[in-house]
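> Give me the fold of what follows.
(2 chains)
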Amino acid sequence: MSEPVTIRLTVNGKRLEGRCEPRKLLVDFLREDLGLTGTHVGCEHGVCGACTVLFNGESARSCIMLAVQAEGAELGTIEGLAKNGEFHPLQQAFHENHGLQCGFCTPGMLMVALDFLRLNPAPTEAEIREAISAVLCRCTGYRDIVRSIAAAAEKMRAGGEGTR
Amino acid sequence: MAEPGRRPFIGQSLLRREDRRLLLGQGQYIGDLVLPRMLHAAFVRSPLAHARIRSVDLARAAAVPGVVFVLSGIELAQLLPPVPDHQVALPSKWRTAVHHHILNPQQSLLAADKVRHVGEAYAVVVAESRYAAEDAAALVDAVFEPLPAVVDPEEGLRPGAPIVHEQFGTNLIAELAVTKGDIDGALQRAPHRLQRRFHHHRYAALPIECRGVASAYDERTQSLTTWSATQVVHWVRREVAATLGMPEARVRCVALDVGGGFGIKGHVYPEDLLIPFLARRLGRPVKWIEDRHEHLMCSCHSRDQIHDVEIGFDKDGRILAYRDRFIADCGAFNPIGSGAIYNTIAHLAGPYRIDNFAAEARIVATNKVPNAPYRGAGRPEAALATERAIDLIAGTLGLEPAEVRRRNMIRPDQMPYNVGILYRDGEPIVYDGGDYPAALEQALAAVGGLEAFRRRQSEARRENRYLGLGLGCYTEGTGAGPFEGATVRIDPSGKIYVASGACPQGQGMETIFAQIVADTWSVSPDDVVIALADTSVIPLGFGTVASRSTVTLSAAIHHASERLRTKTFAIAANLLECGPEDLELRNGTVAVIGVPDMSVPLGRVAKAAQPGWDHGRPAGVEAGLEDTYYWEPPTVTWSYAVHVAVVEVDIGTGAVKIERYAVAHDCGVVVNPMLVEGQIIGGAVQGMGGALLERFVYDGEGQLHTGSLMDYLVPTASDVPDIALVHLHSPSPLNPLGVKGLGEGGAIAPPVAIANAVSDALAPFGAEFNTTPVLPEQVIAAVRRGAAHR
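Next comes the predicted model:
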């Protein structure tokens, strides 16, 4: 073990700092040191995708990154999606299309979908399926997640959300 | 019950009230729980399948900074009495009628004498942080004397095999047998006979949230609260209280948001008892969160049965006799006893009329992770045996597999149909309604029809493309007892409060029970408060396993509400100065029938019911407006389904692509169609994973080769097709609402439907897929074998 280090970063638009051991995983830092437990730990080896966050705008698995790698970075997590208590169109679409059951993979699904729709605002079903293959869901069988993302894409295109 | 037939909310796809917190990242799962002064536990788990523990040296681990406590199984054995028997009790009706012999190996909370599977814990470390605890766990020095492992259950039954539990002198830890009719005579007389071996492999529930337990002991009140990611809070409470020698009244178990269960969290694990023990002993809260590697090597696996089927039939394909002798590999312990294995026996006949039947099961201990129910719980294995056998009958006679099913299916005019053997609850199996042939036809229609498929299949074969269609039909006993309870209370605010021991893990129970209560009490679902998964809200509960909660809890709510309505009307009549018989429930009030303006809000009735001065109760009516009813179902309700898989098999790579998939199912009255579809599709995709991807691989020494999600493959969104659903509705007569359970169903049939489809696709090669999963290497081997014989 070595001495704790200070990490300064921006999460969901807020500048935060915390101290942790240099070996601490980013996901543990987010959850334990910053209290952002919306990001989940499903496998700790970078397969299940539940821990996916936005790292400088791109989706990344926070369970196979160190917190120190996030020094100065801008992160996005599930907690930052809604604005003033209003769902983001993706959250609204997941709600309306039953895109979640237990909710454990949901933070990863939302972050992957957000990044994906930024790059591909008008995806086909097959493209959505391929994109979310980065996250394992055990409850839904994926159909309603795919429908949620397609519905959100449509709404975001109409509302110009994809560019934000 | 407000007005018969008036149900504005039951049957509607209400959006889920659970969603908001989960979508905002404000859910609270066990891993999110932080308690003041909380410590973290890490387990030290066996690297060997079978070994005697010679010594465990904890000194180096104890010296790690931040470590507070270390404990080996050897030491624990001196601190705690042996684990109490926590197998599911069997009803006496069953015990007296079914031939059985069951031994009961109990798992220590930490292994003390031997380790019996890779992953069994033999020591625990408690530290200020999880990182420190894991550092220290890696420094525990144990000396093992390796023993030969039992890996193959049939080998385990041979004389001279190593013995997993020496006290029994055998690895055969249970035998069960059921017969009906004259099996030997009918087999002998049958014009055709067929024998085959079917193996349903070992795979698991794999919720995305692993297990976890946190406990806190309060010295002041000498009480303990334990939070567990469990499906059975009352069961956990009972075992914790027994283990710690505490009154149940001083133990509370809570399941927070649980990230999937599917059965794997449906019983009490050693960690559920050890973490509370540590919290009390150390006087500080202790939390343990299972990691994925641990999960794969210590949370229960499932399935894993070898069936030897002998079936007699006539020239038309009618089944005359069916005998199945099977072996279940239960792993090192058998936490649920005979449950899933008897389920297999009870479901072998499926939707078919079989007059002469015999099943004999042997449960064998091996040096693998213990086997316990997972979504389907013994039924996928039954479906594999029966549904593969039917396809083989069809192949023998040159008939269409669907036609053989039609000829053997129980018809709707034969309902209710007595199968002639007992269910696990000791009651005769009587199918309570349904139209199995209609489900078959509608499922086939949903993939474009059988004839159209056969044309497409033969055209494809001319281009050397191999399409196949496979069926999987099953019946499923759901909503099993022994009981579930509901407390219904009218809150002074007018809200209806319902508490129960049911425990959700994503099913949407808070939503569906709000719908049911809203219709029962003529209120809005927003005026219903649902409290679940917490032993402090209701004295007794069973929990959420075996496709039961909608069935059992809806009935408990109904009966508690009926009694409470009588009392509510008595008090309201007093307030309205009329007779109770003049009253009805109307939009959150108790109202005089036929008089629009004469009513009293439910909240006012609740206030009038309170004890004290100036209450509004009539003479003789006790204070309070609450009722608790424990519903004991007469027996199970019978759901059923037909699955159809259409696959394309690439004979070059061995890959199996599911091209189309359809499910025609019947779960009686549907409370929320959106959630029903979610359950079926989710279950079916788990079954597809089991059919093609997921499996536990052990080598000859009992080493687990699938200890990460890189080796154990779970289906992703691009691995699975869209699934067509057909809904049939035959309300069950066995409960007030007419519901049947459905949580597990989707996962039962995909393995056999896909095995049948691949066999059908490769029929030109004479291929038979009688084991799961269907792997590319098996496809290629079958094609080569077939090509060599052509």
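> And B:Arg405, how close does it get to chain A?
Between B:Arg405 and chain A the computed distance is 25 Å (Cβ to the nearest Cβ, to the nearest Å). All C-beta atoms are positioned from the backbone trio N, CA, C, and that covers glycine.
> Verify the stated contact: that residue with B:Ala443.
No: when contacts are counted by Cβ atoms under 8 Å, B:Arg405 is not listed as touching B:Ala443 (10.7 Å).
> Now for those two: what residues contact both?
Residues touching both B:Arg405 and B:Ala443 by Cβ atoms under 8 Å, 6 or more residues apart in numbering or on different chains: B:Leu471.
> need the contact list for the most centrally placed residue in chain A.
Per Cα atoms, centre = their mean, the C-alpha nearest to the average position across chain A is that of A:Met111, at 2.8 Å. When contacts are counted by Cβ under 8 Å, 6+ apart, A:Met111 touches A:52-54, A:59, A:76-78.
> for whatever residue of chain A ends up closest to chain B, phi and psi?
Residue nearest to chain B within chain A: A:Gly38 (2.2 Å; Cβ to the nearest Cβ). A:Gly38 has phi and psi values of phi -70, psi -30 when expressed as degrees, to the nearest 10.
> Might you report the residue contacts of residue 37?
No chain specified, so I'll use chain A. Contacts of A:Thr37 (Cβ under 8 Å, 6+ apart): A:31, B:25, B:28-29, B:31-32.
> that's the wrong chain, I meant chain B
B:284-285.
> how far away is it from B:Pro751?
Counting by Cβ to Cβ, to the nearest Å, the separation of B:Arg37 from B:Pro751 is 48 Å.
> Kindly report the same for B:Met688.
For B:Met688, the distance to B:Pro751 equals 8 Å [Cβ to Cβ].
> May I see the ChimeraX selection of the buried members of the contacts of A:Thr37?
To isolate in ChimeraX the members of these that are buried, counting by 16 or more other Cβ atoms under 10 Å in any protein chain shown, one can use:
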select /A:31 /B:25,29,31,32
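> which pair in the contacts of A:Thr37 spans the largest distance?
The most widely separated members of those, counting by Cβ to Cβ, are B:Gly25 and B:Gly31 (13.2 Å).
> ok, B:Met688 and B:Pro751, which is more surrounded?
Between B:Met688 and B:Pro751, B:Pro751 has the larger neighbour count (other Cβ atoms under 10 Å in any protein chain shown), namely 33 against 27.
> what mean pLDDT does the strand or helix carrying the more buried one have?
Applying DSSP states H and E as the criterion places B:Pro751 in helix B:750-761. In this model, helix B:750-761 has an average pLDDT of 98.
> What helices and strands are in contact with it?
Judged by 3 or more Cβ pairs under 8 Å, 6 or more residues apart in numbering or on different chains; DSSP states H and E, the packing partners of helix B:750-761 are helix B:379-397, strand B:466-478, strand B:637-649, strand B:656-666, helix B:673-692.
> Looking at these, which is nearest to chain A?
Taking these one by one with Cβ to the nearest Cβ, helix B:673-692 is closest: 3.5 Å.
> What sits closest to B:Ile30 if chain neighbours are left out?
B:Gly212 (3.7 Å; Cβ to Cβ, 6 or more residues apart in numbering or on different chains).
> what about the one you found, how many residues close to it?
Neighbours of B:Gly212 (other Cβ under 10 Å): 24.
> contacting residues around the helix ranked longest in chain A?
Among the segments of chain A that qualify as a helix by DSSP state H, the longest is helix A:143-159. Counting by Cβ under 8 Å, 6+ apart, the neighbours of helix A:143-159 from elsewhere in the structure are A:89-90, A:92-94, A:96-100, A:109, A:113, A:116-117, A:121-123, A:125, A:128-129, A:131-132, A:137, A:161-162, B:677-678, B:681, B:717, B:722-723.
> Which of these are buried? Put it as a ChimeraX command.
What follows is the ChimeraX syntax selecting those of the contacts of helix A:143-159 that are buried according to 16+ other Cβ under 10 Å:
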select /A:89,90,92,93,94,96,97,98,99,100,109,113,116,117,123,128,129,131,132,137,161,162 /B:677,678,681,717,722,723
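> Identify the residues contacting the residue in chain B that chain A sits nearest to.
Relative to chain A, the nearest point of chain B is B:Gly25 (2.2 Å; Cβ to the nearest Cβ). Residues touching B:Gly25, when contacts are defined by Cβ under 8 Å, 6+ apart, comprise A:36-39, A:77-79, A:81, A:107.
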